[in-house]
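1. no FASTA, just this:
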């Protein structure tokens, strides 16, 4: 008699795991908050995409509100986002790109094809800066205030309606 109850234990474990996994699949990943909100942009020392001899660090993000956009040539969604980034640059938003887990040639080719809205592109071929930012995919964007603090995190691509509904109000809030 007792053996029959043990037959249901694996089934019960499977059912519980299935429910937990199903709930996780239903969550919107763009709704997650960055652990770095209200904290200084992580320290780094990397080169620019355009010049392998030019080293940059987090000090380049001080002095003005900046939208830091993590992108890669390999990312199809980044291609869809580029018109919105170009529009933000035309509106006077200071943009800094992070070419994430890419090659210089591919990154430069991407910008030649889709346009370059960035004042500067940080080259992050190993993904070290992306890791420190908690990036789990591209594109992701961060609004950094003039003191170098991360004030807003946008997961996923910036849709056309996000420019006026989300991004510009956040930038104006921190200027």
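-> Great, that's in hand. Quantities reported herein were computed from a predicted structural model and do not represent experimental measurements.

2. helix or strand with the lowest mean pLDDT in this structure?
-> Lowest by mean pLDDT, DSSP states H and E among the helices and strands of the chain is helix 2-6, with a mean of 63.

3. low-confidence bits of the protein, can you list those?
-> In the prediction, the chain carries residues with pLDDT under 70 at positions 1-8, 12, 15-16, 18-35.

4. spatially central residue for it, please.
-> The chain has residue 140 as the residue nearest its centroid, 1.9 Å off, counting by CA atoms, centre = their mean.

5. just the helices in the chain please.
-> Ranges of helices within the chain are 2-6, 8-25, 76-90, 104-114, 128-133, 160-162, 168-174, based on DSSP state H.

6. dump those into TSV; add distance to residue 64 and mean neighbour count as well.
-> C-beta coordinates here come from the backbone N, C-alpha and C atoms, glycine included. Below are the helices of the chain laid out as TSV (distance: least, CB to CB, whole Å; neighbours: other CB atoms under 10 Å):
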stretch	distance to residue 64	mean neighbour count
helix 2-6	66	7
helix 8-25	39	9
helix 76-90	14	17
helix 104-114	22	16
helix 128-133	19	18
helix 160-162	21	13
helix 168-174	10	14
